[in-house]
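Asker: below are the sequence and a predicted model for it; my questions follow.
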Amino acid sequence: MLLRLFLAFTLIPVIELYILVKIGSVVGALNTILLVILTGFAGAWLARLQGFQTMMRIRTNLAQGVMPAEEMVDAMIIFGAGLVLLTPGLLTDIFGLLLLFPPTRGRFKAWLRRKFEDWIRQDRVHITYYHH
């Protein structure tokens, strides 16, 4: 776990910085900064749009008495994508934008589901049910 945290908080920013420097050397510093700002605004707009659409689906399901489980997972992924988009850098922006698009978000949800099922099979996660 410590290695994963180390990678997340040191290696990823170093890679992001390297990519930004390389892009800056090709297109210029101002254009690189504008690109980062543009991807940030595009991501914020898309996260807001996807978030509102997901909240409307949650409300509709609740009004019909249907548990909005898939929509809740979508909402958490959209929230995570928004957090990733807050970090400056093109790699994280690309990852965040991919999480916001429904087709790629669906693939990510399927991967998460498989990962969670693996954890359950390996007894890394325990689920307790309570019935009233």
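Answerer: Yep, that arrived.
Asker: spit out the contact partners of residue 119.
Answerer: By CB atoms under 8 Å, 6 or more residues apart in numbering, the contact set of residue 119 is residue 125. Every residue, glycine included, has its C-beta placed from N, CA and C.
Asker: phi, psi for it please.
Answerer: phi -60, psi -40 (degrees, to the nearest 10).
Asker: return the distance of it relative to residue 59.
Answerer: 31 Å (CB to CB, to the nearest Å).
Asker: longest single helix anywhere in the chain?
Answerer: When the chain is parsed with DSSP state H, its longest helix is helix 29-63.
Asker: in it, what's buried?
Answerer: By neighbour count with 16 or more other CB atoms under 10 Å, helix 29-63 contains the buried residues 32, 35-36, 39-40, 43, 46-47, 50-51, 54, 58, 61.
Asker: buried ones in the following helix or strand past that helix?
Answerer: Toward the C-terminus, helix 29-63 is succeeded by helix 69-86 as the next helix or strand (DSSP states H and E). Neighbour-count burial for helix 69-86, counted by 16+ other CB under 10 Å, picks out 71, 73, 74, 75, 77, 78, 81, 82, 84, 85.
Asker: I'd say the third one and residue 109 touch.
Answerer: Yes - assessed by CB atoms under 8 Å, residue 74 is found in contact with residue 109 at 7.5 Å.
Asker: what sits closest to residue 116 if chain neighbours are left out?
Answerer: Counting by CB to CB, 6 or more residues apart in numbering, residue 125 is the residue found nearest to residue 116 once chain neighbours are left out, at 6.9 Å.
Asker: what of residue 17?
Answerer: Residue nearest to residue 17 in three dimensions, not counting chain neighbours: residue 89, with 7.6 Å by CB to CB, 6+ apart.
Asker: can you tell me how far that neighbour is from residue 32?
Answerer: 11 Å.
Asker: common neighbours of the two, please.
Answerer: With contacts taken as CB under 8 Å, 6+ apart, residue 89 and residue 32 have residue 20 as neighbours in common.
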